[in-house]
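**Student:** Sequence first, predicted coordinates after that:
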Amino acid sequence: MSKANLTSIPGLESLHAELRGLIESSRQRLSSSVNAELSRLYWTVGQRLHSQILVGERARYGTQIMARLGQKLANEFGRGFEVQNLRRMVQFVQAFPDLENVASLMRHLSWTHFLQLLPVRDEAARWCYAQQSVTEGGSVRELHRQIERKSYERSEIAASQLPPAPLCTEATSAVIFKDPYFLDFLGLRRGYDEADLETAILLQLEAFILALGRGFAFVERNKRMVIDGEDFHLDLLFFHRRLHRLVAIELKLGRFKASHKGQMELYLKWLDKHERHSGEESPIGLILCAESRHEQIELLQMHKDGITVAEYWTELPSKAELERKLHMALEEARERLARRGALFQPLD
């Protein structure tokens, strides 16, 4: 039978698709199994090295013993067991000391993923990055980008506007929003106006959605709303697939003003009445300003109306300056959370 006749056999294409799916699924499971076993091996090696060499009587000779073991193991099993990699295995155990807990991550993350997580000092941030990578199926490159751009820390700063709650537990506005947002990819020059900012975002929409985070889908620009015969326009409207709700975004050039809250409240009420579909949650809002005012935001209790305020940066400072600024902002955010947490404590 000729090739042409084979392609015309009924059901051949669907059978081919089914078999291809089975093969690809099996390969994926095999890859995950290999990755999990490899990570478990590295954890076990690191645990043995840590307990047998780096603590107790042998600790003072630890460096020499590790170097000798690395040389012998590398000769037998390859470069993956050289001394620098043995040190990473020890760091792996120190970062994830409970095998039972980290085993769930091993089924989804490769050893290269774990190597990206080891330098993250804060335990909560480390686990959040890991869980986010598992949930979203993120690549090593994406995980590196999230860590490099301090995604967790910026989410924690944004979450300081909400009642105290742990991050990375469920999809809430505390998790999906960040503060500040890095919009350096827009390439804006000084003297730009709101229209320039909005146009630049639309021209770089894919990069902007990447900056917002996973789950955002673009709906409309310059959303028109007619209220009492008067036209109002929302800058950007998105839908968050995981939260099942509309997300309204307003862009402001200057500092945050208390009047911005009333404007966003009006937009959210209108969207809730005219655009919210059955099964969706109430719309929420994000006000992006060149500079936020934390005391005003705290006094206005904007979280009760589903509104978050965040800064945007169109130019990034050096890495050291970025870390310094975010560290200061994070400390201030934690102080605000601590103050509000005290207010939420029940009276005796």
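**Tutor:** Yes, it's here.

**Student:** all contacts plus neighbour counts: C-alpha atoms, from now on.
**Tutor:** Fine.

**Student:** What residues sit buried inside stretch 281-299?
**Tutor:** 282-292, 294, 297 (16 or more other Cα atoms under 10 Å).

**Student:** Compute the first-to-last residue distance for it.
**Tutor:** 26 Å (Cα to Cα, to the nearest Å).

**Student:** contacting residues around it?
**Tutor:** By Cα atoms under 8 Å, 6 or more residues apart in numbering, the residues outside stretch 281-299 that reach it are 161, 243-258, 260, 264, 268, 271-272, 276, 305-313.

**Student:** Buried members of those into PyMOL, please.
**Tutor:** In PyMOL, this line selects whichever of the contacts of stretch 281-299 come out buried by 16+ other Cα under 10 Å:
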select buried, resi 161+243+244+245+246+247+248+249+250+251+252+256+264+268+271+272+276+305+306+307+308+309+310+311+312+313
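
**Student:** which ones among the contacts of stretch 281-299 are found in helices?
**Tutor:** 258, 260, 264, 268, 271, 272 (DSSP state H).

**Student:** Could you give the separation of the helix or strand hosting residue 14 from the chain centroid?
**Tutor:** In the assignment (DSSP states H and E), residue 14 maps to helix 12-52. Mean-position distance between helix 12-52 and its chain equals 25 Å (Cα atoms, centre = their mean, to the nearest Å).

**Student:** Does residue 253 touch residue 196 like I think?
**Tutor:** No - taking contacts as Cα atoms under 8 Å, residue 253 lies outside contact range of residue 196: 10.5 Å.

**Student:** buried residues in the one helix or strand residue 93 maps to?
**Tutor:** Residue 93 belongs to helix 83-95 when assigned by DSSP H and E. By 16+ other Cα under 10 Å, the buried positions in helix 83-95 come out as 83, 85, 86, 87, 88, 89, 90, 91, 92, 93, 95.

**Student:** Just the closest of those residues to residue 153, please.
**Tutor:** residue 95 (18.2 Å; Cα to Cα).

**Student:** check contacts around the closest one.
**Tutor:** Going by Cα under 8 Å, 6+ apart, residue 95 touches 118, 123.

**Student:** measure it to residue 231 for me?
**Tutor:** 55 Å.

**Student:** cool, residue 34 as well?
**Tutor:** Distance from residue 34 to residue 231, by Cα to Cα: 59 Å.

**Student:** If you count surrounding residues, which of the two has more?
**Tutor:** residue 34 (15 against 9; other Cα atoms under 10 Å).

**Student:** Where does the prediction get shaky in the protein?
**Tutor:** 1-12, 15-16, 26-32, 54-60, 162-175, 189-191, 316-317, 336-337, 339-348 (pLDDT under 70).

**Student:** Distance-wise, check the residue most central in space within it relative to residue 140.
**Tutor:** Centre of the chain computed as the mean C-alpha position; nearest residue by Cα atoms, centre = their mean is residue 151, 5.3 Å away. Between residue 151 and residue 140 the distance, using Cα to Cα, works out to 15 Å.

**Student:** Could you list the buried residues of the helix or strand hosting residue 72?
**Tutor:** Per DSSP H and E: residue 72 is located in helix 62-77. Neighbour-count burial for helix 62-77, counted by 16+ other Cα under 10 Å, picks out 62, 65, 66, 69, 70, 71, 73, 74.

**Student:** from those, which single one is nearest residue 46?
**Tutor:** Distances from residue 46 to the buried residues of helix 62-77, taken by Cα to Cα, are shortest for residue 66, at 10.9 Å.

**Student:** In space, what's closest to the closest one - neighbours in sequence excluded?
**Tutor:** residue 83 (6.2 Å; Cα to Cα, 6 or more residues apart in numbering).

**Student:** what's the answer for residue 151, then?
**Tutor:** Closest to residue 151 by Cα to Cα, 6+ apart is residue 178, at 7.2 Å.

**Student:** and the residue lying closest to residue 89 once chain neighbours are set aside, what is it in contact with?
**Tutor:** In space, and not counting its chain neighbours, residue 89 is closest to residue 46: 4.4 Å by Cα to Cα, 6+ apart. Residue 46 sits next to 86, 87, 88, 89, 90, 91, 92, 93 when contact means Cα under 8 Å, 6+ apart.

**Student:** need the helices for the stretch 101-250 of the chain, in chain order.
**Tutor:** 111-117, 123-136, 140-148, 151-159, 173-176, 194-203, 205-212 (DSSP state H, counting those that start in this stretch).

**Student:** Ok, which of these comes nearest residue 330?
**Tutor:** helix 151-159 (5.7 Å).

**Student:** what's the closest one packed up against?
**Tutor:** Applying 3 or more Cα pairs under 8 Å, 6 or more residues apart in numbering; DSSP states H and E, we find helix 151-159 packed against helix 123-136, helix 173-176, strand 307-313, helix 319-344.

**Student:** Just want the angle from that helix to helix 205-212.
**Tutor:** 80 degrees (axes from the mean of the first three to the mean of the last three Cα atoms, to 10 degrees).

**Student:** So what touches helix 151-159?
**Tutor:** 125, 128-129, 146, 167, 173-180, 308-310, 326, 329-330, 333-334.
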